[in-house]
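1. sharing a model prediction with you, sequence too.
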Amino acid sequence: MLSRFFPNRPARRTSRTPSDCVIWAVGDIHGRSDLADRLIQAIRADLHAAEASRKVVVFLGDYVDRGLDSKGVLNQLCNLAADPALEVHFIKGNHEERMEAFLHDPLVGPSWCDYGGRDTLVSYGVAPPPMRGDARAWAEASRALGDALPDSHRELLAAQELSVSIGDYFFCHAGARPGVALPVQSPEDLLWIRQPFLDHPAPFEQVVVHGHTPTEAVHSDARRIGVDTGAYATNVLSAVRLEGDTRVVIQATGRAGRVAITTGPLAAV
């Protein structure tokens, strides 16, 4: 099935990137290396062809868990980050936070595996313990995951940011707490917030670009852009291209071996 470009809804105010800058923001990948491969190829080709001097890719977090190839996704991200022509940012998601927590505290393993960590362990060749209460087995699994992580993956996880601010856009994983200035948002809210952020009508000082809460289609208005389309379950991975006052969505769709992506004209805000 071919993907489609969807223009954003008309905004009540004009938001812009800095001059001579193009930004791609990529939604939650969740172990779907098949979708990420095609999307990253398209983004890389677009940026290498772009005339802008500043070429940015922001990944919005949740690279691991739920899908079958978390290890492969981190390999892809490391490869893109090595491109000297690109400025690449990795936002930390709540799933990366839990993965890192497991590496330091094996007791979080059962709860992490309840919402996708089991798939991440398997992708690194680590067998998830069969018993939730087997503390020794969870400690062994934590050590095994640590041993299986390549140095490049450790470096990527260490380089994660809680937020990135570029022009009129603020990039984070989950969203932001209404009534709190964006530069002083708490790590917990940036990683985990949902309804207080999603349901509040007042805009922030910048447009918030986020993932975390999956929706059928990319959400775009004057207040926020939600880029998570539930790739692990829907077979749809989305990214948003921002340049000047334009926003465009590109989607990789399908299953392993049959992923398709198309391009189209930029849409004006």
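-> All right, it came through fine.
2. and residue 26, what are its phi and psi?
-> When quoted as degrees, to the nearest 10, the phi and psi of residue 26 stand at phi -110, psi 130.
3. other residues contacting stretch 157-172?
-> 15-18, 21, 23, 25, 56, 58, 60-61, 89-92, 96, 99-100, 173, 176, 182-183, 185, 187, 190-191, 204, 206-210, 242 (CB atoms under 8 Å, 6 or more residues apart in numbering). C-beta: built from backbone N, CA, C; applies to glycine.
4. hmm, 7 Å instead?
-> Applying CB atoms under 7 Å, 6 or more residues apart in numbering, the contact partners of stretch 157-172 are 15-18, 21, 23, 25, 56, 58, 60, 89-92, 96, 100, 182, 185, 187, 190, 204, 206-210, 242.
5. where are the low-confidence patches of the stretch 151-269 of the chain?
-> For the stretch 151-269 of the chain, the stretches with pLDDT under 70 are 257, 261-269.
6. those helices in it, which residues are they?
-> For the stretch 151-269 of the chain, applying DSSP state H, counting those that start in this stretch gives helices covering 151-158, 187-192, 195-198, 231-234.
7. list the contacts for the nearest residue to residue 124 once chain neighbours are set aside?
-> Closest residue to residue 124 apart from its sequence neighbours, by CB to CB, 6 or more residues apart in numbering: residue 148 at 4.1 Å. Under the criterion of CB under 7 Å, 6+ apart, the contact list for residue 148 reads 124, 125, 126.
8. so which of these are in helices?
-> Of the positions in the contacts of residue 148, not one sits in helices, assigned by DSSP state H.
9. can you confirm residue 57 is in a helix?
-> No: read with DSSP: H, G, I helix; E, B strand; the rest coil, residue 57 is strand and lies in no helix.
10. tell me what it is bridged to.
-> The partner list for residue 57 in beta bridges (DSSP bridges) reads residue 24, residue 88.
11. and the gap between it and residue 71?
-> 20 Å (CB to CB, to the nearest Å).
12. one more: residue 223?
-> Taking CB to CB, one finds residue 223 at 36 Å from residue 71.
13. residue 250 now?
-> For residue 250, the distance to residue 71 - CB to CB - is 25 Å.
14. which one of the two has more residues nearby?
-> The neighbour count for residue 250 versus residue 71, taken as other CB atoms under 10 Å, is higher for residue 250 (24 against 19).
15. leaving out sequence neighbours, find the closest residue to the more buried one.
-> Spatial nearest neighbour of residue 250, chain neighbours left out: residue 239 (5.5 Å); criterion: CB to CB, 6+ apart.
16. can you tell me how far the one you found is from residue 217?
-> According to CB to CB, residue 239 stands 13 Å off from residue 217.
17. who's more crowded, the two?
-> Counted by other CB under 10 Å, residue 239 and residue 217 do not tie: residue 239 has more neighbours, with 27 against 12.
18. what are the ranges of the strands in the protein?
-> Using DSSP state E, the strands of the chain run over 6-7, 21-26, 54-59, 87-90, 163-166, 169-172, 207-210, 219-220, 224-226, 236-243, 246-253.
19. nearest to residue 143, of the ones you listed?
-> Ranking those by distance to residue 143, with CB to CB as the measure, places strand 87-90 first at 24.9 Å.
20. which strands and helices lie in contact with that closest one?
-> Helices and strands touching strand 87-90, by 3 or more CB pairs under 7 Å, 6 or more residues apart in numbering; DSSP states H and E, are strand 54-59, helix 70-81.
21. longest helix in this protein, by number of residues?
-> Under DSSP H, the chain gives helix 33-49 as its longest helix.
22. that helix to strand 236-243, inter-axis angle?
-> Per axes from the mean of the first three to the mean of the last three CA atoms, to 10 degrees, the angle that helix 33-49 makes with strand 236-243 is 20 degrees.
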